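Colleague: test case, fold it:
(one chain, ligands or ions: 2)
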Amino acid sequence: MKIAVMGAGAWGTALAMSFARHHAVSLWARDTAQIESMRAAGENQRYLAGQPFPAQLTLQAELGVAVADADLVLVVTPTAGLRPSLRALTTLGSTLPVLWACKGLEADTQLPAHEVAAAELPATVSRGILTGPSFAQEVAAGLPAALTLASEDAGFADEWAAALNSSRLRIYSSNDIIGAEIGGAVKNIMAIAAGVGDGLKLGHNARAALLTRGLAEITRFGVALGARPETFNGLSGLGDLILTCTGDLSRNRKVGLLLAEGKPLAEIIRNLGHVAEGVNTARAVQQQAERLQVDMPITAAVCRMLFEELPAAEAIAGLMGRGAKKEAA
Ligand SMILES: NC(=O)c1ccc[n+]([C@@H]2O[C@H](COP(=O)([O-])OP(=O)(O)OC[C@H]3O[C@@H](n4cnc5c(N)ncnc54)[C@H](O)[C@@H]3O)[C@@H](O)[C@H]2O)c1
Ligand SMILES: O=P(O)(O)OC[C@H](O)CO
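Modeller: Ligands and ions are numbered 1, 2, ... in the order given. Predicted structure coming up:
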């Protein structure tokens, strides 16, 4: 199998390195200077330092060459880069199957990735998402992980899950693409909240409460958009929520930890060096939730900390100061 990976950030590089153990992989970056520096260093020093490339990995500055004889394109840009990446493929006349790995809602349209893809790809192009609990550093190092490959086309999901599955990267298939996308997108908001809670030293009980009520909030939102509730108990939902809320490799959790220290958002983003999808996605989810009339108190509190400079302690007090309610609701 030949795979073209678009986007050489931390995750594109890690997936390219992992799949290169079993497939011919071409890693493309839009920045030619980055390709040259990765070639010279034998690793991606900017986004994934200290992880030497396997010999089988090819670096490619020309997108047309990267996809020329590929069997699959994997788009691994941030959500903001998904639409231009798919448009670039369509402009090239590519009809290759496409998987994306971004975890967010598009900021301007509040659309999940598969709806962006529906607007940009010819209807005949097979497509889906690869998502689930996965820190780039661990996958690049060959440590075990499990992911979900979701597509509206169940046959496509089964076929590509089997083709990409390996002893280090176990891949499960699903046909609930909206559930898989919403789980991966909204857990980033919860990870910001978890970082805030841990930064304020609120304790283990508070973190468990946040994860549980966060999952309820994610599920309510996803079901309102047409997802199946059981998807949120899987890798793309609960699995990724646990990882991102508790793992210190998470950039979204780090945003929360720094908000708890009182750092301004602009400074946090400037120093992060990577995308933290939860920031843009928090606003997009809040807008969609208002439209759908879904109650999302944690998302609302995160938005107030991010965009209204509400101090972290006041945001927590606001969440805890609400009246009692039924747990199922
Ligand atoms: N890092 C992880 O552990 C991880 C794991 C799973 C999923 N993800 C998701 O993968 C996506 C990418 O994350 P990342 O960690 O690689 O981000 P990153 O910040 O490490 O790198 C982003 C990369 O995308 C490139 N890029 C941005 N817009 C582009 C465009 N229009 N065309 C081509 N390249 C573009 C940037 O130049 C940069 O190289 C995010 O949605 C993230 O949530 C990340
Ligand atoms: O570093 P984060 O917070 O973007 O999380 C990375 C992955 O999405 C974890 O599965």
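Colleague: quick one, phi/psi of the closest residue to ligand 1 within the stretch 1-150 of the chain?
Modeller: Using C-beta to the nearest ligand atom, the closest approach of the stretch 1-150 of the chain to ligand 1 is made by G9 at 1.8 Å. Glycine gets a C-beta too; all of them are placed from N, C-alpha and C. For G9, the backbone dihedrals are phi -80, psi -160 (criterion: degrees, to the nearest 10).
Colleague: mind checking the SS state of the closest residue to it other than its chain neighbours?
Modeller: Leaving aside its chain neighbours, G9 sits nearest to Y47 (4.8 Å; criterion: C-beta to C-beta, 6 or more residues apart in numbering). Counting by DSSP: H, G, I helix; E, B strand; the rest coil, the backbone at Y47 sits in coil.
Colleague: please renumber so the chain begins at 8
Modeller: Fine by me, first position is 8 from now on; the one you just mentioned is Y54.
Colleague: so A147 makes contact with P59?
Modeller: No - using C-beta atoms under 8 Å, A147 is not in contact with P59; the gap is 9.5 Å.
Colleague: what residues are up against the spatially closest residue to S133 that is not a sequence neighbour?
Modeller: Nearest residue to S133 in three dimensions, chain neighbours excluded: P104, at 4.1 Å (C-beta to C-beta, 6+ apart). By C-beta atoms under 8 Å, 6 or more residues apart in numbering, the contact set of P104 is 78-80, 132-134, 163, 167.
Colleague: just these: which are in strands?
Modeller: 79-80, 134 (DSSP state E).
Colleague: neighbour-wise, which one of these leads?
Modeller: For the ones in strands among the contacts of P104, the largest number of neighbours (other C-beta atoms under 10 Å) sits with V80, at 25 neighbours.
Colleague: need the residues of the stretch 8-157 of the chain near ligand 1, please.
Modeller: 14-19, 37, 54, 83-86, 88, 91-92, 108-111, 141-143 (C-beta under 6 Å from any ligand atom).
Colleague: derive a PyMOL selection command for the buried subset of the residues you listed.
Modeller: Remark: buried members of those, expressed as a PyMOL selection using 16 or more other C-beta atoms under 10 Å:
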select buried, resi 14+15+16+17+18+19+37+54+83+84+85+86+88+92+108+109+110+111+141+142+143
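Colleague: host element of the residue nearest in space to the middle of the chain?
Modeller: With distances taken as C-alpha atoms, centre = their mean, K110 lies nearest the centre of the chain, 2.6 Å away. K110 belongs to no helix or strand when elements are defined using DSSP states H and E.
Colleague: next one: A114
Modeller: Going by DSSP H and E, A114 is not in any helix or strand.
Colleague: which ones are touching it?
Modeller: Contact partners of A114, counting by C-beta under 8 Å, 6+ apart, are 86-87, 287-288, 290-291.
Colleague: export the residues you listed as CSV, with columns for secondary structure and pLDDT.
Modeller: Formatted as CSV, the contacts of A114 follow (DSSP: H, G, I helix; E, B strand; the rest coil; pLDDT from 0 to 100):
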residue, secondary structure, pLDDT
T86, helix, 98
A87, helix, 98
N287, helix, 98
T288, helix, 98
R290, helix, 98
A291, helix, 98
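Colleague: any chance of these in CSV, plus distance to ligand 2?
Modeller: Output for these, formatted as CSV (distance: C-beta to the nearest ligand atom, whole Å):
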residue, distance to ligand 2
T86, 11
A87, 14
N287, 12
T288, 11
R290, 17
A291, 16
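Colleague: can you tell me the SS state at I196?
Modeller: helix.
Colleague: actually I178, not the one I typed
Modeller: Of the three states, I178 takes strand under three-state DSSP.
Colleague: which pLDDT value belongs to it?
Modeller: If you check I178, the pLDDT there is 98.
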